[in-house]
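# Need coordinates for the following:
(chains A, B and C)
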Amino acid sequence: MTQKIHAPAPRTAPGSATAGPRGLVDVRRRPHTWTGLWFVLPFLAFYALFLLWPAIIGFGYTFTDRSLAGGDVSFIGLDNWSESLTDSAMYDSLWNTLWFTILSVPLMVLLALGLAVLTDHARRLGWFLRLSFFAPFILPVTVMTLIWGWMYNPSLGLFNGTLGRLGIEGPEWLFAEDTAMYSVVIATAWWQVGFNYLLYLAAMQSIPKDVYEAAAIDGAGAWQRIGRITLPMLTRTTALIAMLQLIGSLRVFEQIYLMTSGGPNFATRTVIQYIYDSGFVGLRIGLASSMAYVFMILIIAASIAQFRLFSRKEG
Amino acid sequence: MATSTPPAPRAVQGPAKPLRRTPPRRRRTSVGAVALYTVATLAALVWLVPLLWAFATSVKPEGETTVMPPSWLSANATFEAYALVLGRGDILRWTMNSLITTLIVTALTLVFCVLAAYGFSRFDFRGRPALFALVIGGILIPPQTLIVPQFVLMTQLGLVDTYWGIALPQVVAPVFVFILKRFFDAIPRDYEDAARLDGAGPLRVLWNVILPLSRPILTAVGIFTFIGAWNNFLWPFIVTNDPEMMTLPVGLGTAVGQYGIQYAQLMASAVLGAVPLLIVFLLFQKHIVTGVAGAGIKG
Amino acid sequence: MRRAPHAPPSTPAGPGRRAFVTGALATAGLAAAGCAPPDTLISGRTRLRQWNLFAGGDGNRMIEMHDAYRAEHPEIDFRATTFTWGAPFYTKVAMGAAGGRGADVATVHVSRLESLAPGRLLDPIDPALLAEFGIDDTVVLPNIWEKCFFGGQLYAVPIDTHVLIQYLNLDVCRQAGVLDADDRLIEVSGTDDYFDLLREIRGVTGEYGISIDTWNPWSNFWALYRQQDGDLVLGEDDFEMDDDKALAAMDVMYRLSEEGLAPRHSRDADTAANLANGHAGLMIHGNWEIPTLEAAGIEFSAAQFPAVFGNHRTRGDSHCYVFPHQRDRDPGRTRAAAEYAAWMLHNSLTWAGGGHIPAYQPVVESAEYDALHPQSEYREAAENVQFEPEGWFSGSAGRLQEEATGALTTLHQGTQTPEQALDQLKGTIRELLTVPSPV
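Sure, this is the predicted structure:
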């Protein structure tokens, strides 16, 4: 993508601005001016103050017993790190985060694909389907959790009310340890699948029509066309969606916090919530910072590994 | 990552064309079509259930919301819950807070990211590669893991419970610098020559040449920043405690204790909370859809 | 960096310009909105912000009192906010105080004072200022007043004592034949009798005997444990607890749900609903639910916490006003806050209507209080209050209570036996003791 920068552009005579494709003026003929830095500076200043600096001081906090309540701060060595790494609740929350990811990624990829295939074929309903499937994506998280919390209400909600009418006793949804995570995942899928869905839809609609027509001539039915053309051509999109979804799912916090507060019995508490609980509810800035660092390292490692994998497939 | 071409494999394109005329089996598809359209319509309706149910609850009299089994329509439909919720004034205040902070974030993000991307794309200066690598590296840091030191920083700067405290940390969006730089890189430099020969400075070139050519990407970045900032929960939730400073998503999730078990009011507030962006969505549907698609293709 | 956008554009309306227009709009909006609400600036009224956690039936009483307060104080721009009860509320109080722009006055539990770092997150209250408005140690019960001091300084103004009590749906109880001539529950004592009573009531409701809040089970546990004289002694890095008595208390909770006499899942709000709609004949809940039941329009009464283990001991705590720390404390607002707290105490008869037992003695001793029903049914409860041991993690919605919830809800859900739940609870306490105090 940077091919032009490195091409040694021949100097064009003044006035020959119409010199054609080869007549690139190399703007950077004046080497090492400071002009560029001025453009970059505002962003860099914010970047340094609000991202780099917190990352650095946060690392410093991990070695102290700093409290949100103020008071004396003393250096306590690696105590916070060892507490984070030996705390079973930390591993529980890591597992909850991972379990959410394991459940949500395949669901939200396949669901998006299915809905996109539907939309791609039922073209006359196009705008209506797009609106239905994508609209939830732009809801603020709180609106989603208010609505789903109400539908999930075990005694008064829509789901159990409807099931009850059919003579079925519904589950406790968000209020039981064994169903809470699934309930959260279902609500999340409804809320967020729209983004993946649009990515798929865009990819599908850029597959040239004549490919399908050719296949139709060869006697391929609708299912065969989906299986033989659509899906193979979507491999790259699928990889991209899975990658974005994985990174997004690992960072989950807000919808779970709002729906279950991490309960029941901490069965849905994610790492981010545990960091929040330790730092802000429990006031222990030092400990929370070390937890955050443990998690940050894991996430960055996962992102890099995935990126590698993704680029290799691409290559 | 490949640049900008849609993922369509061109190679397959050729041979299909000439055989166009054959009407592809109208009979069999029409049977399938009925099934297809039925399934699609059902799926879309199922998808709308939560929104419809929220609305249905919100227009019931409070006494009817908890009647089991649930009914979709009330004979006594009323907008009383909306009047009560709006009468408290909180939601309007939160909406205004959201609007103000979101506009700050969107404007500053666009300005800073455009300037930075332009700087990285068109100029050489000492330390450029290192600085760019630094910015790109920032994409990897999950902002969620920085909430604790960021909050401490805000207490030190005295920005807790202020609009600037909500907005400023959200302005840092390295990924947009990356996307914009790549877009700028792809703009041929010829376009700038004429302007430069007319004596235009670098700012003038950016304004007159680069930006007009970057309309689609700027629209996409702007819309995404806007939606992202409007719906951002975690950071505003951390940095605001005073209900009068909360944004809409935070206020709805934090300071609604007084609604208690009044489900009609709860759902009315949910519906009201959904309205602003639904309007934005309906107005900019095309831009949002192509923007997402573009994001995917850019990858 | 701000200069850049103003370079005179020669092309009309680049897309960038719209961004700058938006920026200008935003700036204008900021100027208009400012940091203080414009009405305050214009009117010159004193701004007073109160935060509280009264989401239950008592919340309505507070709103009623606040309306009266506003009517009497046109010079005060007063606003109150109710947060989600428990940790979410306390977290916001602490973070707001750390940020220095929090509430002017907040309602907290007296049991939580220590965890709010008096002196750093809470600012001290000048007793002389308070005395100016008629509040001192002569009008508040001494045992509660003492709890409001920390390091010799006053940090809180108590408004009430509140306890867990037992509610009766009179309609259901009457059908079950468990009432005497005065509509009082027949006296039962001991677990077996109590369970028999609940079975009879369930025979009428067809659903449950009693409605309890399975999501906040710590208070019930503490009452049942203390009825047996169970002690919890928190040491430096160890603690003492009576396993047998804890197991007996947990066994009651476990069997209640296991036998279907109580629901397996009931959140705060659903608990009162279950009594109101006749799914249960009795309910154990805080005295603050009286207004909820009054609003539900059912015929109900109240009594002390049931004598499951032979006496009526119950868990209790006290609400009090505190001044969260502020960066730039304004004397005018501080004064208004003190006057507000005093006003609320003077007028706490309304608060008593919400079920709470006022801390302000002139109200408790008044004839009007005497006439309140069903408040008079459990007036002795004040003597049976069992506070929790002091510590930075104890108290209402404190770490201990929050984390114990995890262990204790499983009893109602039936996912753990009392033995397993006790193990989890003791593990939790042990872990809390190893945590260095953050305050």
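
# Can I get stretch A:261-278 as PDB, trimmed to CA atoms?
This file holds the C-alpha atoms of stretch A:261-278, laid out as PDB (Å, rounded to 0.1, in the frame of the first residue of the first chain):
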ATOM      1  CA  SER A 261     -24.100  -8.000  38.000                       C
ATOM      2  CA  GLY A 262     -21.900 -11.100  37.500                       C
ATOM      3  CA  GLY A 263     -24.300 -13.400  39.400                       C
ATOM      4  CA  PRO A 264     -25.800 -15.700  40.300                       C
ATOM      5  CA  ASN A 265     -23.000 -16.800  42.600                       C
ATOM      6  CA  PHE A 266     -20.500 -15.100  40.300                       C
ATOM      7  CA  ALA A 267     -21.300 -17.500  37.500                       C
ATOM      8  CA  THR A 268     -21.200 -14.700  34.900                       C
ATOM      9  CA  ARG A 269     -18.600 -12.400  36.300                       C
ATOM     10  CA  THR A 270     -16.100 -11.500  33.600                       C
ATOM     11  CA  VAL A 271     -12.600 -10.300  34.000                       C
ATOM     12  CA  ILE A 272     -13.400  -6.700  33.300                       C
ATOM     13  CA  GLN A 273     -16.000  -6.800  36.000                       C
ATOM     14  CA  TYR A 274     -13.600  -8.400  38.400                       C
ATOM     15  CA  ILE A 275     -11.200  -5.600  37.700                       C
ATOM     16  CA  TYR A 276     -14.000  -3.100  38.200                       C
ATOM     17  CA  ASP A 277     -15.100  -4.900  41.400                       C
ATOM     18  CA  SER A 278     -11.600  -4.900  42.800                       C
END
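
# what's the single longest helix in chain A?
helix A:88-121 (DSSP state H).

# List the contacts of whichever helix or strand comes after that one.
Counting by DSSP states H and E, the next helix or strand C-terminal to helix A:88-121 is helix A:126-134. For helix A:126-134, the surrounding residues in contact (Cβ atoms under 8 Å, 6 or more residues apart in numbering or on different chains) are A:115, A:118-119, A:122, A:193-195, A:197-198, A:201, B:40, B:43-45, B:47-48, B:285, B:289. In this view, the C-beta of every residue, glycine as well, is placed from N, C-alpha and C.

# Now list the buried members of the residues you listed.
The neighbour count (16 or more other Cβ atoms under 10 Å in any protein chain shown) marks A:115, A:118-119, A:122, A:193-195, A:197-198, A:201, B:40, B:43-44, B:47-48, B:289 as buried among these.

# ok, B:P174 - contacts?
A:Y47, B:V135, B:I136, B:G138, B:I139.

# Which parts of the stretch 101-250 of chain C are strands?
Listed in chain order, the strands of the stretch 101-250 of chain C (DSSP state E, counting those that start in this stretch) span C:105-109, C:122-123, C:149-150, C:153-154, C:157-158, C:160-169, C:210-212, C:232-234, C:239-241.

# so what's the nearest residue to C:Y360 once chain neighbours are set aside up against?
Using Cβ to Cβ, 6 or more residues apart in numbering or on different chains and skipping residues adjacent in sequence, the residue nearest C:Y360 is C:L345, 4.2 Å away. Contacts for C:L345 (Cβ under 8 Å, 6+ apart) come out as C:I135, C:V139, C:V140, C:V157, C:I159, C:P358, C:A359, C:Y360.

# Is it correct that the last one is in contact with C:T138?
No - the pair C:Y360 and C:T138 does not pass the contact test of Cβ atoms under 8 Å, sitting 10.9 Å apart.

# These two: who's more crowded?
Per other Cβ atoms under 10 Å in any protein chain shown, whichever of C:Y360 and C:T138 has more neighbours is C:Y360, with 26 against 10.

# Could you give the bridge partners of the more buried one?
Assessed by DSSP bridges, C:Y360 has beta-bridge partners C:V140.

# Mind pulling the model confidence for it?
Per-residue pLDDT puts C:Y360 at 92.

# Stretch C:116-127 close to chain A?
Yes - counting by Cβ under 8 Å from any Cβ of the partner chain, chain A is contacted by stretch C:116-127 at C:L116, C:A117, C:R120, C:L121.

# So for the third one, what's the pLDDT?
Yep, that's C:R120 we're talking about. 92.

# gap between it and C:D328?
16 Å (Cβ to Cβ, to the nearest Å).

# If you count surrounding residues, which of the two has more?
The residue with more neighbours, out of C:R120 and C:D328, is C:R120; 17 against 8, by other Cβ under 10 Å.

# who touches the more buried one in this structure?
A:A69, A:G70, A:G71, C:A97, C:H325, C:V439.

# can I get those in JSON lines with pLDDT, neighbour count and distance to B:V171?
Conversion of these to JSON lines gives the following (pLDDT from 0 to 100; neighbours: other Cβ atoms under 10 Å in any protein chain shown; distance: Cβ to Cβ, whole Å):
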{"residue": "A:A69", "pLDDT": "91", "neighbour count": "24", "distance to B:V171": "30"}
{"residue": "A:G70", "pLDDT": "88", "neighbour count": "17", "distance to B:V171": "28"}
{"residue": "A:G71", "pLDDT": "86", "neighbour count": "16", "distance to B:V171": "32"}
{"residue": "C:A97", "pLDDT": "95", "neighbour count": "30", "distance to B:V171": "27"}
{"residue": "C:H325", "pLDDT": "95", "neighbour count": "25", "distance to B:V171": "29"}
{"residue": "C:V439", "pLDDT": "77", "neighbour count": "19", "distance to B:V171": "34"}
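
# can you tell me which of these are in helices?
Counting by DSSP H, the contacts of C:R120 place C:A97 in helices.

# ok so, going back, scan the contacts of C:L345 and report the most crowded one.
Sorting the contacts of C:L345 by how many neighbours each has (other Cβ under 10 Å) puts C:V157 first, at 30 neighbours.

# and that residue, bridged to which residues?
Taking DSSP bridges as the rule, C:V157 bridges to C:Y321.

# For whichever residue of the stretch 201-350 of chain C sits closest to chain B, what is the enclosing helix or strand?
In the stretch 201-350 of chain C, the residue that lies nearest chain B is C:A269 (4.0 Å; Cβ to the nearest Cβ). C:A269 belongs to helix C:268-276 when assigned by DSSP H and E.

# Show me what that helix is packed against.
strand C:160-169, strand C:210-212, strand C:282-286, helix C:290-296 (3 or more Cβ pairs under 8 Å, 6 or more residues apart in numbering or on different chains; DSSP states H and E).

# Skipping adjacent residues, who's closest to the closest residue to chain B within chain C in space?
Per Cβ to the nearest Cβ, C:G99 is where chain C lies closest to chain B, at 2.6 Å. Spatial nearest neighbour of C:G99, chain neighbours left out: B:V160 (2.6 Å); criterion: Cβ to Cβ, 6+ apart.

# ok, which residues in the stretch 51-200 of chain A are in contact with chain C?
Contact residues (Cβ under 8 Å from any Cβ) of the stretch 51-200 of chain A with chain C: A:65, A:67-71, A:154-156, A:172, A:175-177.

# List the residues that contact C:V110.
Counting by Cβ under 8 Å, 6+ apart, C:V110 touches C:I144, C:K147, C:C148, C:A156, C:P158, C:D317, C:S318, C:H319, C:C320.

# Ok, C:P88 next?
Contact partners of C:P88, counting by Cβ under 8 Å, 6+ apart, are A:S261, B:T254.

# Now it: which helix or strand?
Here C:P88 is assigned to helix C:87-99, by DSSP H and E.

# Just the C-alpha atoms of that helix, please, in CSV.
The C-alpha atoms that make up helix C:87-99 are tabulated as CSV, following Å, rounded to 0.1, in the frame of the first residue of the first chain:
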residue,chain,number,x,y,z
ALA,C,87,-22.7,-2.0,45.9
PRO,C,88,-23.6,0.1,42.8
PHE,C,89,-24.7,2.9,45.1
TYR,C,90,-21.8,2.7,47.5
THR,C,91,-19.4,2.5,44.6
LYS,C,92,-20.8,5.7,43.1
VAL,C,93,-20.6,7.5,46.5
ALA,C,94,-16.9,6.5,46.8
MET,C,95,-16.0,7.3,43.2
GLY,C,96,-17.8,10.6,43.3
ALA,C,97,-16.0,11.5,46.5
ALA,C,98,-12.7,10.5,45.0
GLY,C,99,-13.5,12.7,42.0
